[in-house]
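Colleague: Next comes the sequence, and after it the predicted model I'd like to discuss.
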Amino acid sequence: MKTVLAGALIALMSLVTVAHADTLDDIKKAGKVRIAIDTAIPPFGMTDDKMQPAGSDIDTARLLAKDLGVQLEIVTTTGPTRIPSLLTNKADLVVSTLSITPDRAKVIDFSIPYADHPSVVGALKGLAISSYADLAGKKVAVVRGTTQDTDLTREAKDAQLVRYEDDATMALAFASGQVDILATARSLLPAISKKNPARTAESRITMQTNYLAVGLRKNEPALKAWVNNWVKTNLQNGKLGAIYKKWHGVDIPVDQLLKIGG
Amino acid sequence: MCAVQRTMSYEFDFSFLAERWPDFVAGAWLTVQLTVVSIALGLAVGTVCALLRVYGNRWVKAPVGFYVELIRNTPLLVQIFIVYFGLSSLGLKLSAEVSAVIALVVNMGAYTTEIMRAGIQSIQRTQLEAADCLGLTRLQTIVHVVLLPAMERVYPALSSQFVLLMLASSITSQISAEELTATANLVQSDTYRSFEVYIIVAVVYLALSVLYRFTFWLVGLVLFARKRKLGTAL
């Protein structure tokens, strides 16, 4: 059953690939680019108070469409449907906190990275935490079952992990003073700090770093070359950095990203 | 078609139990500790409040009534959050376990108040008059003539409430108390065997419920001499 299904999928994918051998050409002909974005992960993608899409990924997609000289059509997706929306040709590109992973690289292509996405151990301003050893005997909040939970369980054996069910509860635990240290995505720290101005979370230990890239279908040399060049140009001219800074409050390591991108 | 076939051929895999059973035991033990303390303290709070609600003057009755209605008409999860996050915002940092016990006692107390009040009000006035005639002190009257018979009458309702509290304690996992449900969530997120994990947890809760009911039955035999000797209800 599995082989039949896999065979069918491969056949389907090759069909899609053949039918759209040059997506870049199609985009220009149609005058619009369809970009898949998850609009439920602030501050990357969200809906603002005027019910309009907003966020760093939205701005990145807008910039890309503008430079491509076409209209932007946002295809709203969720985390798990980002890659299927590419494979089923519902979207031309994915710009949606898409981390480069070996598993994903088997089914889609990635551009060079346009931002980094590190997990960090954050601590209350003024608290002396700079290494895993400093966490010994201290309460550290994590969301149960996340990569941060797994990594800290392994790396900081003497820390006392306090596990919450989701980001919101963990953020509340920090804001209300139940915990002074937490492990989460760095992108969440500003939002967590905003909940209680008296309790600001500062990034102290960088755990794993993922790199975010634009996702595209395989066998799209023209489109891939264009996107790679676009990312490189806009990293160098600082436009991508400005977007990231605007929404996340931190700079992206441009040199490092360019080095990874070659 | 494919989805149906895959659902039908779900293969159960309990192999993680060999490694993780101590986690479940630790979780169940914390559940027992949390609930036994909460039941004992909650019963004490509820009994005192019930006496105040029946025999107190209106300056006492009103606040007790307010407490009972406030607690019985708000969700337990909200009460737990208020104790854990609310008090912490005010500077009183309590651990998840202590917060859980406080919230469970406050909750248990309100429900017990109403159950015990029903029992106390079922004691006939003539019984009190008889106790007076026999020269019993006020304390003796309350303990022997009012409270024990009252409790005997409402004992089935009380036992059910105790078991309900034990089951409700599962939501203290939300404030990071590592009790049975929190253990299940953790093991489930590590092993991805969620179906198996929750089946195990359901069985453990069921076993705990049976154990609790058996214990309450034994306690009842000790407490209520008349029932033990005559075998009849009051």
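Modeller: Alright, I've got the coordinates.

Colleague: quick one: the strands in the stretch 151-262 of chain A?
Modeller: Using DSSP state E, counting those that start in this stretch, the strands of the stretch 151-262 of chain A run over residues A:160-164, A:181-185, A:201-212, A:215-216.

Colleague: Show me which residues of chain B sit near chain A.
Modeller: Counting by CB under 8 Å from any CB of the partner chain, the residues of chain B lying close to chain A are B:2, B:5, B:84-86, B:88-89, B:91, B:93, B:96, B:173-176, B:178, B:182, B:185-186, B:188-190. All C-beta atoms are positioned from the backbone trio N, CA, C, and that covers glycine.

Colleague: same thing but at 7 Å, please
Modeller: B:2, B:84-85, B:88-89, B:93, B:174, B:176, B:182, B:185-186, B:189-190 (CB under 7 Å from any CB of the partner chain).

Colleague: The closest residue to chain A within chain B: how many residues sit nearby?
Modeller: Nearest residue of chain B to chain A: B:S189, at 2.6 Å (CB to the nearest CB). B:S189 has 17 neighbours, counted by other CB atoms under 10 Å in any protein chain shown.

Colleague: residues in contact with it?
Modeller: By CB atoms under 7 Å, 6 or more residues apart in numbering or on different chains, the contact list for B:S189 reads A:144-145.

Colleague: Work out for me the element it sits within.
Modeller: helix B:180-191 (DSSP states H and E).

Colleague: Please apply the same query to A:G122.
Modeller: Assigned by DSSP H and E, A:G122 belongs to strand A:115-124.

Colleague: can that strand be found next to chain B?
Modeller: No. With CB under 7 Å from any CB as the criterion, chain B is not reached by strand A:115-124; the gap is at least 12.9 Å.

Colleague: Report the central residue of the chain.
Modeller: Picked chain A for this. Centroid check for chain A by CA atoms, centre = their mean gives A:T97 as the closest residue, at 2.0 Å.

Colleague: Hmm, no, I was thinking of chain B.
Modeller: B:L165 (3.0 Å).

Colleague: Apart from its neighbours in sequence, what residue is nearest that one?
Modeller: Among residues not flanking B:L165 along the chain, B:M108 sits closest, at 5.3 Å (CB to CB, 6 or more residues apart in numbering or on different chains).

Colleague: residues in contact with A:E165?
Modeller: With CB under 7 Å, 6+ apart, A:E165 has these contacts: A:144, B:174.

Colleague: Show the backbone phi and psi for it.
Modeller: When read as degrees, to the nearest 10, the backbone of A:E165 gives phi -80, psi -30.

Colleague: Tell me how far it lies from A:S131.
Modeller: Distance, A:E165 to A:S131, using CB to CB, to the nearest Å: 28 Å.

Colleague: what mean pLDDT does stretch B:225-234 have?
Modeller: Averaged across stretch B:225-234, the pLDDT comes to 75.

Colleague: ditto for stretch B:19-37
Modeller: 96.

Colleague: show me where pLDDT drops low in the chain?
Modeller: Went with chain A since none was named. Low-confidence segments of chain A, defined by pLDDT under 70: A:1-21.

Colleague: Hmm, no, I was thinking of chain B.
Modeller: Chain B contains residues with pLDDT under 70 at B:1-9, B:233-234.

Colleague: Would you map the helices across chain B?
Modeller: Secondary structure of chain B by DSSP state H: the helices cover B:2-8, B:17-55, B:58-72, B:76-81, B:87-89, B:96-121, B:125-133, B:138-140, B:148-168, B:180-191, B:194-223, B:225-230.

Colleague: Identify the residues contacting the fifth one?
Modeller: To tie it back to what came earlier, the one meant is helix B:87-89. By CB under 7 Å, 6+ apart, the residues outside helix B:87-89 that reach it are A:176-178, B:94.

Colleague: check contacts around the closest residue to chain B within chain A.
Modeller: Going by CB to the nearest CB, chain B is nearest to A:G145 of chain A, at 2.6 Å. Each residue near A:G145 by CB under 7 Å, 6+ apart is listed here: B:189-190.

Colleague: will you turn the residues of chain B next to chain A into a markdown table that also has distance to B:Y198?
Modeller: Converted to a markdown table, the residues of chain B next to chain A look like this (distance: CB to CB, whole Å):
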| residue | distance to B:Y198 |
| --- | --- |
| B:C2 | 25 |
| B:Y84 | 25 |
| B:F85 | 27 |
| B:S88 | 30 |
| B:S89 | 33 |
| B:K93 | 32 |
| B:Q174 | 16 |
| B:S176 | 19 |
| B:A182 | 13 |
| B:N185 | 9 |
| B:L186 | 13 |
| B:S189 | 12 |
| B:D190 | 14 |
